[in-house]
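**Student:** Sharing a model prediction with you, sequence too.
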Amino acid sequence: MKIHVHAVHFDIDPKLVGFIQNKLNKLETFYDKFISGEVFLKLDKGDSNKIHKKHIEIKLSVPGSTIFAEEKGTTFEEATDLALEALKSQIKKFKDKRNEVEHKKREIPAEEEVVEDDF
């Protein structure tokens, strides 16, 4: 899966990019038909100018849909882990829904029996 990592108003460390890509590639064990992924990293100022919350938004493209999660944490690694947990549950729901629809398409309705009354 191609993953594009964007840092908003700051320079990103290559180690962090590798960490995020490694984590997102592990999602392919749950679902292997991802088209692409986009990650946006932002720094949110807290009450004090010295404290910055780390904000991550992850958007994954799958055939026919998009899966999205956003989280905040004290570090980008923590926010990434939280977002991945949210993505895992969304992927599971997406797969269950897709499998349910495919199963309904495969069902063939039984032929109705015609009962004739003899009068």
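**Tutor:** Arrived safely.
**Student:** Beyond the helix or strand residue 18 falls within, next helix or strand please.
**Tutor:** Following DSSP states H and E, one finds residue 18 within helix 14-26. Moving toward the C-terminus from helix 14-26, the first helix or strand encountered (DSSP H and E) is strand 36-45.
**Student:** for the record, mean pLDDT for the next helix-or-strand element following that following strand?
**Tutor:** As assigned by DSSP H and E, the chain's next helix or strand after strand 36-45 is strand 52-62. Mean pLDDT, computed over strand 52-62, is 95.
**Student:** So which elements touch strand 52-62?
**Tutor:** Other elements packing on strand 52-62 under the criterion 3 or more Cβ pairs under 8 Å, 6 or more residues apart in numbering; DSSP states H and E are strand 36-45, strand 65-73, helix 76-106. C-beta here means a position set from N, CA and C on the backbone, and glycine is covered the same way.
**Student:** and the angle from that strand to helix 76-106?
**Tutor:** Taking axes from the mean of the first three to the mean of the last three Cα atoms, to 10 degrees, one finds strand 52-62 and helix 76-106 inclined to each other by 20 degrees.
**Student:** Using PDB, list the CA coordinates for strand 52-62.
**Tutor:** Output of strand 52-62 as PDB, limited to C-alpha atoms (Å, rounded to 0.1, in the frame of the first residue of the first chain):
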ATOM      1  CA  HIS A  52       1.700  20.700  22.100                       C
ATOM      2  CA  LYS A  53      -0.800  17.900  21.700                       C
ATOM      3  CA  LYS A  54       0.100  15.600  18.800                       C
ATOM      4  CA  HIS A  55      -2.800  15.100  16.300                       C
ATOM      5  CA  ILE A  56      -2.900  12.400  13.600                       C
ATOM      6  CA  GLU A  57      -5.500  11.800  10.900                       C
ATOM      7  CA  ILE A  58      -5.300   8.600   8.900                       C
ATOM      8  CA  LYS A  59      -7.400   8.100   5.700                       C
ATOM      9  CA  LEU A  60      -7.200   4.700   4.000                       C
ATOM     10  CA  SER A  61      -8.800   4.100   0.600                       C
ATOM     11  CA  VAL A  62     -10.400   0.700   0.000                       C
END
